[in-house]
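*Asks:* Build the 3D model from these lines:
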Amino acid sequence: MVSPADAERLKRAAAAAAVEEVQDRMVVGLGTGSTAAHVVQLLAPRVAAGLDITAIATSRATEAAARAAGIRLAAPDDLTAIDLCIDGVDEIDRRLRAIKGGGGAMLLEKIVATLARRNIAIADASKRVERLSARAVPIEILPAAQGLVAAEIVRLGGSAELRVRDGDPWVTDWGHHILDARFADLDDSAAIADALSAIPGALGHGLFLTEIDALYVAASDGVSRQERPIDE
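*Replies:* Numbers count the residues shown, from 1 in each chain. Just a heads-up that it's a prediction; the model follows:
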């Protein structure tokens, strides 16, 4: 079992390897959560030293951290492409299929990841799994669609739980709620992803099956990089 302190050290090591891919004049997507926070911290001194980049933040928390670090920000509204996106994952398998959204920002994370020409995941070794299923799949929903989405999840063989914080529904940066869906079997994750995307009122889900191009993973013996298999 990796201690919290060791996990943070490993996340930072993976982030340090990934940010080496950031080059001058890039538009860079910045993820959300503790792993992405390391990316912001590691980019800050390079920006102060003259690195010329524009960042697209995937949450208000990341936006605030990037602004405090002196990183120039833009909105994704008018963009049709982003050079590079770097973000963490909650769980990832050997085919670079991942579950994301523990921080509640998976909707904009997926938009930015889809815009990115290259999408990098960073993680400590505990996030590597043989098969997806241990983590819940977060689904950002319109509050009015909660009953519909929950019923469809059950029909797909899963269960749904409304995410709460301090006794109240978790509210995303966009004013939506989150259902955390659990499936005993995610072997046919593509079919489940398609079914979730088709539910009215389900705005985005945390299955990232084709978006990730490379993974930097840190373990006790160092950081390794894996590129997406060519046949994926």
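*Asks:* Could you list the domains of the protein?
*Replies:* Split into domains by automatic domain parsing, the chain comes to 4-130+209-227, 137-206.
*Asks:* Now do the contacts for residue 61.
*Replies:* The contact partners of residue 61, taken as CB atoms under 8 Å, 6 or more residues apart in numbering, are 32, 103. Using the backbone N, CA and C atoms, a C-beta is placed for each residue, glycine as well.
*Asks:* Comparing the domains of the chain, which stretch has the densest surroundings?
*Replies:* domain 4-130+209-227 (a mean of 19; mean count of other CB atoms under 10 Å).
*Asks:* Do me a favour and get the end-to-end distance for that domain?
*Replies:* End-to-end distance for domain 4-130+209-227, by CA to CA, to the nearest Å: 27 Å.
*Asks:* From here on, call the first residue 42.
*Replies:* Sounds good: first residue 42 from here, last item domain 45-171+250-268.
*Asks:* what's the offset of it from the middle of its chain?
*Replies:* 8 Å (CA atoms, centre = their mean, to the nearest Å).
*Asks:* tell me the average confidence for it?
*Replies:* Domain 45-171+250-268 shows a mean pLDDT of 96.
*Asks:* pull the longest strand from this structure.
*Replies:* When the chain is parsed with DSSP state E, its longest strand is strand 157-165.
*Asks:* Give the pairing partners of the next helix or strand after that strand; include direction for each.
*Replies:* Where DSSP states H and E defines the elements, the next helix or strand beyond strand 157-165 is strand 178-182. Paired neighbours of strand 178-182 in the sheet (DSSP bridges): strand 218-224 (antiparallel), strand 243-246 (antiparallel).
*Asks:* Now the residue nearest in space to the middle of the chain. Nearest residue, chain neighbours left out?
*Replies:* In the chain, the residue lying closest to the centroid (CA atoms, centre = their mean) is residue 141, at 4.5 Å. With CB to CB, 6 or more residues apart in numbering as the criterion, residue 141 has its nearest non-adjacent residue at 4.8 Å, and that residue is residue 247.
*Asks:* Which residues are in contact with that neighbour?
*Replies:* Each residue near residue 247 by CB under 8 Å, 6+ apart is listed here: 131, 140, 141, 142, 147, 178, 179, 180.
*Asks:* Relative to residue 168, how far out is the fifth one?
*Replies:* Between residue 147 and residue 168 the computed distance is 15 Å (CB to CB, to the nearest Å).
*Asks:* do the same with residue 237
*Replies:* 22 Å.
*Asks:* can you check residue 221 too?
*Replies:* 17 Å.
*Asks:* same deal with residue 55?
*Replies:* Taking CB to CB, one finds residue 55 at 10 Å from residue 168.
*Asks:* Need the overlap of contacts for these two.
*Replies:* residue 258.
*Asks:* phi, psi of residue 107?
*Replies:* phi -70, psi -40 (degrees, to the nearest 10).
*Asks:* hang on, isn't it packed against residue 81?
*Replies:* Yes - using CB atoms under 8 Å as the test, residue 107 is close enough to residue 81 to be in contact (5.4 Å).
*Asks:* Please consider this matter closed, and thank you.
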